[in-house]
Structure formats: structure tokens, C-alpha cells
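In: after the sequence you'll find the predicted model.
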Amino acid sequence: MDFDNNDDECENNELCCRRKVNLDNGPYLNSKLGKGIIKEVVVNCLINDSVIPVASSEKVQQPSQPSTKAEKKKSIQKVSSDSSSTVSMEVKSKLFVEVVAPVESALNKVSVIGCGAVGMACVFSILTQNVSSEVAIFDLNADKLKGELMDLQHGSAFLKSAKISASSDDLKITANSRVIIITAGVRQKENESRLELLQRNVEILRSMVSKLVSYSPNAVLIVVSNPVDILTYVSWKLSGFPQNKVIGSGTNLDTSRFRFLISEKLNIAPESCHGWIIGEHGDSSVPVWSGVNVAGVTLKDVYPALGTDNDKENWKEVHKNVINSAYKIIQLKGYTSWAIGLSVADLSLAILRNSQKVHAVSTNVKGLHGIDDDVYLSLPCVLGENGIVKTIKQELNEEETKQLKISAKILAEHASQLKI
Ligand SMILES: NC(=O)C1=CN([C@@H]2O[C@H](COP(=O)(O)OP(=O)(O)OC[C@H]3O[C@@H](n4cnc5c(N)ncnc54)[C@H](O)[C@@H]3O)[C@@H](O)[C@H]2O)C=CC1
Ligand SMILES: CC(=O)C(=O)O
């Protein structure tokens, strides 16, 4: 863990002395547990200006000596380990016979970049739905991150053996991830469109994507920050990854909203209402009315006016409500979080379990449905361990194809103004 849960203790000389004694407790020095303890002692001793020689261990990185009070504080956040493991060294020595050091990283590690409303909803959904047993969180806002980490850790007894770690200054915390979820960035204010966030969020990606992929070359990137389609394109360019490994959360969320709103109209469960929103995650998204069905009964066959201007039942309103959902929720509570968190957890699950499940996600659509531009937008895709495995050749009618091309043009125009 990169964060010490009790900074105040670190000002306490007595505690540091105790830690010195523990450090001298030979048998632990070569163990993985001992490694964390050594780090902590180094940091806390620096805080107290009493330099204690540290046993040599090539795996232990000694922080450069901080000079100001602020730097001292920061160095704790960077390298200190869990204080409770230090003070219980004697108990551990009496309780355990170590057989082998635990494996450091799970094979299903997920990292979430950004611990804001969306990032934390993703983390919470992933942990509570057992999508992964190891989650790392990175955010520049050290206090918020530490608060979120502690709050989650205090619920660990109710989770299925999850390991949660966090860092505010070292992306290495994400190393060896299988899925990396990018939620860092600014969000819309009331009445602001997603596209208006573009340049600010591009800069954030520029600061991190190449580092993230170098620490986790086997990861699949899921971009969530808005405008998600263009930022997925940018992340793909910055990452050097093949297209299959860089995915935008895209209209997986809009599709879920669509199915929910249809279910309300029909008074049956959302899981039983099948329909897709494709194109931009945003104002130019496209409802595929021609494919909406319940138990294989296509609604447009039984009611041809579905989704058109001549529809006395006004199904078109359902799509309008999908588009307005985010604006409405932002107006009411300031941000959207739970649905996107659940949506991203589902995408992560499909990848980690190699499930070959179909989701509407943002991918490079050049050459599909007559689109010539090098743009990312959402189509139904099959997801597996290596990301996007297949794109579904959806049968679209003339109107749907026209709208999809308009969506692609809007995104291409915005993307063309970018300097990546
Ligand atoms: N694709 C989708 O369906 C959805 C996308 N979003 C987007 O997700 C993004 C995040 O939204 P919220 O979580 O509500 O915002 P937020 O403001 O609550 O959180 C953003 C977090 O990013 C962090 N951050 C900023 N720069 C960073 C950097 N360089 N490195 C690490 N962390 C950094 C901030 O400290 C903050 O904690 C926004 O762009 C929003 O529009 C939101 C909902 C749905
Ligand atoms: C904010 C956003 O993109 C959404 O909730 O759809």
C-alpha cells in the first residue's frame, strides 16, 4: 500500500523507535512483509530527522531526503506501508511460520485512474461484484484518494479478499494490470457538452498513457473520460497499442439507459428489452430502432411507426431521454456515477473472464458502415481477454446509417483540431 493510514503517528518519536527495534528483528528482513516495514522505517526516520541505517536490500528504494515539511509529508504518501503491520511484528513472528512469500500481484489486477465520482463508482462496482481481487487507484488529489482508500479498506471485511492500493504520485502502482480504466479529467458543468471538455482532458492523457502501458504492456485500456470517443482515439495513438486493446466505454451506458427506458414503457425487465444505441456517446448517438426486440419479436415489425416522427406513441422520446439523461442527472446531483460504474465493471468482467460477450463500445470504425474517417465511435463488439475480438455487422436501415455517418463526421471534425 502506498499510503500510510495514520500520518500523525509518523510525528511520534516513540513509534519510530519501536519501528527501529522491529527493523532489527532479523528474520523479517528478507521477506516481502519485511520489505514494506523497512520502507516505512526509512520514511518515518527521515521525518524525525534521525537517520537510521537500513539493512541492504536491492528491492528497497530509499527516498531522497525531503527538506521541507511539505516534502516530508509527501514522502510518506509515496512510500510508506501499513503501520499496523509494523507494530504487530512480534505477534507475527509468534503466529506464523512463513512457507513462501505471497505472490505480489493478482492475474486479474484492475487499475482505475481518477478517484472522482466516476472512478470510485467503477472501483466500488468492481469490488462488490468480484470482478477483480486487486484494484489499484491513482489520482493526483492525495487527500481525496487517501480518504477513499481508507473508507474502502474499512469495508474489506465485507468484500471477497480484495487487495486495494493507491498512489497520488507514482503510476507504478498500476503495474501488471490486465485492465486499466481511465476516468481522470474534468467533467461537464451544467449545460456543458462533452465535446467542450476535449483539450483539457487530452493534456491529462498525454501525461500518463505511455507510462501506463509501459508498466502494464498486457493491459486492455478502457477510456471513460469525456468526450470518450475522441479520448479513446487519442489514447490509442499515445499508447502504441493495437486497436483491439484500447476501448472506449462508449454507448454501453447509453444502451443500458435505452433498455431501461424501453422497459419502463413496456413494464418488463430491462434485461428482456433488447436494443442498441451506437455512434457517439453523446448528443449525436443513434438508436437502432430497426433491431429493438423482445424475445425475438421486432417492435418495428409489429409497429412500423416506432421511433419515427409519425409515431403517436412517441417512442422517439425514449432516445431523447437517453441523450438528456446525463444533462438531467448533472443538473440534479452534479455528476453521473453509478450507472457508468456498473457499465465499466461489466466491460472489465467481459475482458477478464474472456467472456466473448457483446457490448456497445467505442472502437475505430474506419471502413465500417461506409465511414471513411479514422474515428472512434460505438458499435456492438465482442469482448474477450485481448479486448475487442470482433465487431458485429449490424443490419442498419438507411436512416440509421445516415445518422451514424453524421455522428462520425462530428467526431472526425473535433478530432482533426487536436494536436496529439
Ligand atoms: N464515458 C461516460 O459514459 C462517462 C464519462 N464521464 C467522464 O468521466 C470523467 C470523470 O468524471 P468525474 O469522476 O465525475 O469527475 P471528478 O471531478 O469527480 O473526478 C475527476 C478526478 O480526476 C482526477 N485527475 C485530474 N487530473 C488527473 C491526472 N492528471 N492524474 C490523475 N488524476 C487526475 C481529479 O483529481 C479527480 O479526482 C469526466 O471527464 C466525465 O465527463 C462521466 C460519466 C460518464
Ligand atoms: C456524463 C456522461 O457522459 C454520462 O453520464 O453519460
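Out: Received it, and whenever you're ready, just let me know what you need. Ligands and ions are numbered 1, 2, ... in the order given.

In: so which residues on this structure come close to ligand 1?
Out: 113-119, 138-141, 144, 183-188, 197, 201, 204, 207, 224-226, 228, 249, 253, 281, 335-336, 340 (C-beta under 6 Å from any ligand atom). For the C-beta atoms, the positions are set from N, CA and C on the backbone; glycine is no exception.

In: and those, which of them are in helices?
Out: Using DSSP state H, the subset of these located in helices is 117-119, 144, 201, 204, 207, 228, 253, 340.

In: now, of those, which are buried?
Out: Among those, those classed as buried by 16 or more other C-beta atoms under 10 Å are 117-119, 201, 204, 228, 253, 340.

In: by contact count, what packs against the helix or strand hosting C381?
Out: Secondary structure assignment for C381, by DSSP states H and E: strand 376-384. If contacts are counted by 3 or more C-beta pairs under 8 Å, 6 or more residues apart in numbering; DSSP states H and E, strand 376-384 sits against helix 228-239, strand 246-248, strand 277-278, helix 338-352, strand 357-364, strand 387-391, helix 398-416.

In: rerun that using 7 Å as the cut-off
Out: Counting contacts by 3 or more C-beta pairs under 7 Å, 6 or more residues apart in numbering; DSSP states H and E, strand 376-384 packs against helix 228-239, helix 338-352, strand 357-364, strand 387-391, helix 398-416.

In: contacting residues around the last one?
Out: Outside helix 398-416, the residues within contact range by C-beta atoms under 7 Å, 6 or more residues apart in numbering are 195, 198, 229-230, 233, 278-280, 284-286, 288, 290, 365, 369-371, 373, 375, 377, 396.

In: alpha carbons of it, as PDB, please.
Out: The C-alpha trace of helix 398-416 is given here as PDB (Å, rounded to 0.1, in the frame of the first residue of the first chain):
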ATOM      1  CA  GLU A 398     -31.000   3.900 -44.400                       C
ATOM      2  CA  GLU A 399     -31.900   6.400 -41.700                       C
ATOM      3  CA  GLU A 400     -29.700   4.700 -39.100                       C
ATOM      4  CA  THR A 401     -26.700   4.500 -41.500                       C
ATOM      5  CA  LYS A 402     -27.200   8.200 -42.300                       C
ATOM      6  CA  GLN A 403     -27.300   9.200 -38.600                       C
ATOM      7  CA  LEU A 404     -24.200   7.100 -37.900                       C
ATOM      8  CA  LYS A 405     -22.300   8.800 -40.600                       C
ATOM      9  CA  ILE A 406     -23.300  12.200 -39.200                       C
ATOM     10  CA  SER A 407     -22.100  11.100 -35.800                       C
ATOM     11  CA  ALA A 408     -18.700  10.000 -37.400                       C
ATOM     12  CA  LYS A 409     -18.300  13.400 -39.200                       C
ATOM     13  CA  ILE A 410     -18.900  15.400 -35.900                       C
ATOM     14  CA  LEU A 411     -16.300  13.300 -34.100                       C
ATOM     15  CA  ALA A 412     -13.800  13.500 -37.000                       C
ATOM     16  CA  GLU A 413     -14.100  17.300 -37.200                       C
ATOM     17  CA  HIS A 414     -13.400  17.600 -33.500                       C
ATOM     18  CA  ALA A 415     -10.500  15.100 -33.700                       C
ATOM     19  CA  SER A 416      -9.000  17.000 -36.600                       C
END
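
In: domain map for the protein?
Out: Domain segmentation of the chain under automatic domain parsing yields 9-95, 110-248, 252-416.

In: pick the most buried one from those domains.
Out: domain 110-248 (a mean of 20; mean count of other C-beta atoms under 10 Å).

In: when you scan that one, is anything in it near ligand 2?
Out: Yes: looking at domain 110-248 against ligand 2 by C-beta under 6 Å from any ligand atom, the contacts come from 188, 194, 226.

In: spatially nearest residue to K265 (excluding sequence neighbours)?
Out: Once flanking residues are discounted, K265 sits nearest to V318: 6.8 Å by C-beta to C-beta, 6 or more residues apart in numbering.

In: contacts only, for the one you found.
Out: Contacts of V318 by C-beta under 7 Å, 6+ apart are 258, 261-262, 265.

In: can you pull the pLDDT of it?
Out: On the pLDDT scale, V318 is placed at 98.

In: ramachandran angles for it?
Out: As for V318, its main-chain torsions (degrees, to the nearest 10) stand at phi -60, psi -50.

In: find the residue closest to E271 in space, skipping its chain neighbours.
Out: Setting aside the residues directly before and after it, E271 is nearest to R259 in space (C-beta to C-beta, 6+ apart), at 7.7 Å.

In: if anything else comes up later, I'll come back, but that's it for now.
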